[in-house]
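Chemist: What follows is a predicted protein model with its sequence.
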Amino acid sequence: MGHNHGHDHTHGANKKTLLISFIIITAYMIVEAIGGFVTNSLALLSDAGHMLSDAISLGVGFFAFVVGEKVANYSKTYGYKRFEILAAVFNGVVLIAISLYIFYEAYKRFTNPPEVASTGMLVIAIIGLVVNIVVAVIMMRGGDTEENLNLRAAFLHVLGDLLGSVGAIIAALLIMFFGLGWADPLASVIVAVLVLISGWRVTKDAVHVLMEGTPKNVELDDIVQTIESLPEIVDIHDLHVWSITSGENALSCHAVVDGNMSINKSQQLLQTIEHELEHKGIGHVTIQMESKSHPHEDSVLCQNENKNESHSHTHDH
């Protein structure tokens, strides 16, 4: 119960953090987009484009938290928590698309550099940097940017923005003092590279969750050893560990025990395993007890050729 309470608390903090960040970023994105058009700066426009993706991603992220609060029902037995992961995939793909568009625009500007109003560009970029620093600090203090994929995706958007503002400031100074027109598209290319990397990482991590991959913070060998170290456990097989959403991991397996175990004893054993696994970041545990005489697969993990057989096992109880 304490685990769920802790999760709900961070969930609420993450949601509030996203809403505040969304309002600040959206307001400044409008200012920066207008500034980019007026000064004719691609570095500013690419930063504003990135901020637009930030605003969308923060909005989608916030919406995902709201939808994730919907209660589980017969059609969605885990509730809507995985919507957060879908939001992270959306954010990651948007980041990649924006970076590719910036590359394309920068290429055109390298071949034909336009006139840029560097003073206006510098002023807007400095304000942008301050706004992004404020939002990044709000996110780091108020939310869980390490474990929650949805919030981390939004946080990476903001960090990319922050670097975009730094790039725009440097480019504006190079244009003002040295007349280097190519500094503007170069700054946007550097931002695009950083955006592309963060977009790829978020997408990869989110797809890993959707593919029911083993959570990154869970060591499978350690889990096997923890369960098999209990004297009552003879063997385990058909082990699956996956994430429902960020910070909520689940496990299911078949555990072979001594055939003479009483119901009371098996209940105690289940509680012991659940308690041990909760310390290892797994909140939802489903274990099917089997006696020694029960035929089972040799592998700890469920093999494909045994899939049908193991499926029937699952429905034995």
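Modeler: In hand now; what should we look at? Residues are numbered from 1 along each chain as shown.

Chemist: Please count neighbours and contacts with C-alpha atoms only from this point.
Modeler: Noted.

Chemist: Name the residues that touch stretch 95-108?
Modeler: Defining contact as Cα atoms under 8 Å, 6 or more residues apart in numbering, one finds that stretch 95-108 is touched by 42, 46, 49-50, 53, 157, 185-186, 188-189, 191-193, 195-196, 198-200.

Chemist: To clarify, my last question referred to stretch 138-156.
Modeler: Residues outside stretch 138-156 that contact it (Cα under 8 Å, 6+ apart) are 10, 13-14, 17-18, 21, 54, 57-58, 61, 84-85, 87-88, 91-92, 136, 198-199, 202, 205-206, 246-247.

Chemist: Can you show me the CA trace of that stretch as CSV?
Modeler: Once side chains and other backbone atoms are set aside, the C-alpha atoms of stretch 138-156 remain, and they are given as CSV (Å, rounded to 0.1, in the frame of the first residue of the first chain):
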residue,chain,number,x,y,z
ILE,A,138,11.0,23.5,-12.0
MET,A,139,11.1,20.1,-13.6
MET,A,140,14.1,18.8,-11.8
ARG,A,141,12.8,20.0,-8.4
GLY,A,142,9.1,19.2,-8.8
GLY,A,143,9.1,16.0,-10.8
ASP,A,144,10.7,12.6,-11.4
THR,A,145,12.9,13.2,-14.5
GLU,A,146,14.9,10.0,-13.8
GLU,A,147,12.3,7.3,-13.7
ASN,A,148,9.2,8.7,-15.3
LEU,A,149,9.6,8.3,-19.1
ASN,A,150,6.8,10.7,-19.9
LEU,A,151,8.4,13.5,-17.8
ARG,A,152,11.9,12.6,-18.9
ALA,A,153,10.8,13.0,-22.6
ALA,A,154,9.4,16.5,-21.8
PHE,A,155,12.5,17.4,-19.8
LEU,A,156,14.8,16.4,-22.7
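
Chemist: For it, buried residues please.
Modeler: Of all the residues in stretch 138-156, those buried under the rule 16 or more other Cα atoms under 10 Å are 139-140, 142-145, 148-156.

Chemist: What of stretch 282-294?
Modeler: The neighbour-count check on stretch 282-294 (16+ other Cα under 10 Å) flags 282, 283, 284, 285, 288, 289, 290, 292 as buried.

Chemist: just stretch 251-263 next, same as before
Modeler: Within stretch 251-263, the residues that qualify as buried by neighbour count (16+ other Cα under 10 Å) are 251, 252, 253, 254, 255, 256, 257, 258.

Chemist: now, which of these lie within strands?
Modeler: Here DSSP state E is the test, and those give 251, 252, 253, 254, 255, 256, 257 as lying in strands.

Chemist: Do I have it right that the first one meets residue 238?
Modeler: No. The pair residue 251 / residue 238 is not scored as a contact, 10.3 Å apart, by Cα atoms under 8 Å.

Chemist: re the thing from before, okay if I get the buried residues of stretch 282-294 as JSON lines plus distance to residue 122 and secondary structure?
Modeler: Output for the buried residues of stretch 282-294, formatted as JSON lines (distance: Cα to Cα, whole Å; DSSP: H, G, I helix; E, B strand; the rest coil):
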{"residue": "282", "distance to residue 122": "49", "secondary structure": "coil"}
{"residue": "283", "distance to residue 122": "50", "secondary structure": "coil"}
{"residue": "284", "distance to residue 122": "52", "secondary structure": "strand"}
{"residue": "285", "distance to residue 122": "55", "secondary structure": "strand"}
{"residue": "288", "distance to residue 122": "64", "secondary structure": "strand"}
{"residue": "289", "distance to residue 122": "67", "secondary structure": "strand"}
{"residue": "290", "distance to residue 122": "70", "secondary structure": "strand"}
{"residue": "292", "distance to residue 122": "74", "secondary structure": "coil"}
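
Chemist: Need the ones in strands among the buried residues of stretch 251-263 in TSV (columns: distance to residue 35).
Modeler: Below are those laid out as TSV (distance: Cα to Cα, whole Å):
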residue	distance to residue 35
251	52
252	55
253	58
254	62
255	64
256	67
257	70
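
Chemist: Tabulate the residues you listed (CSV), appending distance to residue 70 and pLDDT.
Modeler: Written out in CSV, the entries for those read as follows (distance: Cα to Cα, whole Å; pLDDT from 0 to 100):
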residue, distance to residue 70, pLDDT
251, 23, 93
252, 24, 93
253, 28, 92
254, 31, 91
255, 33, 89
256, 37, 88
257, 38, 86
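
Chemist: just the helices in the protein please.
Modeler: 2-39, 42-68, 83-111, 118-142, 149-178, 183-210, 220-228, 263-278, 307-314 (DSSP state H).

Chemist: Tell me how far the first one lies from the chain's centre.
Modeler: Average the C-alpha atoms of helix 2-39, do the same for its chain, and the two points are 15 Å apart (Cα atoms, centre = their mean, to the nearest Å).

Chemist: on contacts alone, who are the packing partners of that helix?
Modeler: helix 42-68, helix 118-142 (3 or more Cα pairs under 8 Å, 6 or more residues apart in numbering; DSSP states H and E).
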